[in-house]
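In: Here's my sequence, what's the structure:
(chains A and B)
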Amino acid sequence: MEVEDEDSTDQPQIQLGELYSSKPAIHIETLKIACAQLMDMYIDEEFFNLGREMGRSLRWGELEALGILNEIPDEYQMVDTPGADIFGNVLSKKYNFECECPKCHRTLAASRFAPHLEKCMGMGRNSSRIASRRLAASSNNSNNNNNNSNNSSSDSKNAVHSTTVGSQNQNPLNGELGSEDDHFEEDDDDEDWSLDRKKKTKKGNEKAAVKRKGPLSRVRNTDGVGSKGKRGASPSVTDSPASLSAMENTIHDEDDATHMSLP
Amino acid sequence: METKEAAEIRHLMNDVLTKNGEGARLKDMLTRLLVESGWKDEVNLMCRKVIQERGVDNITTDDIVNAVTPNARASVPAEVKKALLEKIRAALIKELEDREKENGTQ
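Out: Numbers count the residues shown, from 1 in each chain, chains lettered A, B, ... in the order given. Prediction:
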């Protein structure tokens, strides 16, 4: 493939200006043709280069080394038909899985599961979690207390009184409730101006709450705070106060400077 | 007549573009477009198929080029061609205007 540049020196130079003014109609066509030819020329040059590179890599054994020349068995060949993916599997709607919400036991589409769970558990940003938590706690407590009263012959009036927040602590062995409480206490450290906030001062009530709770409570409560909650660190499940204070000392929080020191 | 003129114009344009560096820019742009659009990989694939068919030891560069060129030319994406054509036209118009100015001042 040669680039045909040498001809231009043999022919007389053309004054483009002349041509432009003399025969405009025809000239535009020739200009178009010229452009198209130039374009073709450039493209030809491109794959001339490509062919040359290919030849080189062939000669130098690159293709063999890369395994490019090996035959791909038919079953592994790339499939390019419409309606199938690259492996040949037919595209289906099977991937819209359905899942069941653990809280409300509704079946949901997988793509809607996370937002639903946010609202359902009262954990998302816009889900007015305190209110919904209270509702959930109260309904849980009333359920639990009803169950308890059915099992043991306790006063049914307990069910009524159990709607206050403090009563949550009367069910220390209710794992689910305990964990919810932990979560929500972590959330408390976000800006949260509900009444509950005032009830629980940063260290006092939470520490007291921990003592009331018993062995299954998580370490997180005893941090004295939200320092972990804010950062989202996962609490380890240990109970020894020594390890607690050790951990506390290693956390350097500018925001929660008031909570830093543990007695 | 037209094609002869066209050929002349083409040669002239090529000279001009090479001289003022615009040609190099156009070629670089073309290379980039072809790679980005995947054309280069397609042609590579074609070349490899040809090599596999004919056998590694029996083939020469010319063979590859001759076998692959017609398909490769056809498979250049239309957008790439359009873009290149636009640029060439713009360069041509600019060149014509420059020449007119020169002729005018002369």
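In: how does chain A divide into domains?
Out: Chain A breaks down into these domains under the TED database: A:22-82, A:94-134.
In: check contacts around the residue of chain B found nearest chain A.
Out: Relative to chain A, the nearest point of chain B is B:Thr61 (3.1 Å; C-beta to the nearest C-beta). From N, CA and C alone the C-beta is placed, and that goes for glycine too. Contacts here follow C-beta atoms under 8 Å, 6 or more residues apart in numbering or on different chains; on that basis B:Thr61 touches A:51-52, A:54-55, A:58.
In: where in chain B is pLDDT low?
Out: B:1-2, B:106 (pLDDT under 70).
In: Which parts of it are helices?
Out: Listed in chain order, the helices of chain B (DSSP state H) span B:2-20, B:22-36, B:39-54, B:61-74, B:78-105.
In: which residues of the stretch 101-250 of chain A score low on pLDDT?
Out: A:127, A:129-133, A:136, A:143-250.
In: Nearest to chain B: which residue in it?
Out: For the stretch 101-250 of chain A, C-beta to the nearest C-beta, closest residue to chain B: A:Ser111, 30.9 Å.
In: That residue - nearest residue in space that isn't next to it in sequence?
Out: Of all residues not flanking A:Ser111 in the chain, A:Asn96 sits nearest, at 7.3 Å (C-beta to C-beta, 6 or more residues apart in numbering or on different chains).
In: okay, that neighbour: pLDDT?
Out: pLDDT recorded at A:Asn96 is 70.
In: next one: phi and psi at it?
Out: Backbone torsions of A:Asn96, given as degrees, to the nearest 10, read phi -90, psi 80.
In: Spit out the contact partners of it.
Out: With C-beta under 8 Å, 6+ apart, A:Asn96 has these contacts: A:109-111.
In: I'd assumed A:Leu69 was in contact with B:Ile51.
Out: Yes. Applying C-beta atoms under 8 Å, one finds B:Ile51 in contact with A:Leu69, separated by 6.4 Å.
In: Got phi/psi on A:Thr107?
Out: phi -80, psi 140.
In: Dig out what it forms beta bridges with.
Out: Counting by DSSP bridges, A:Thr107 forms beta bridges with A:Glu100.
In: show me what contacts it?
Out: A:98-101.
In: Including neighbour count, could the residues you listed go into JSON lines?
Out: As requested, these are exported to JSON lines (neighbours: other C-beta atoms under 10 Å in any protein chain shown):
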{"residue": "A:Glu98", "neighbour count": "10"}
{"residue": "A:Cys99", "neighbour count": "14"}
{"residue": "A:Glu100", "neighbour count": "11"}
{"residue": "A:Cys101", "neighbour count": "14"}
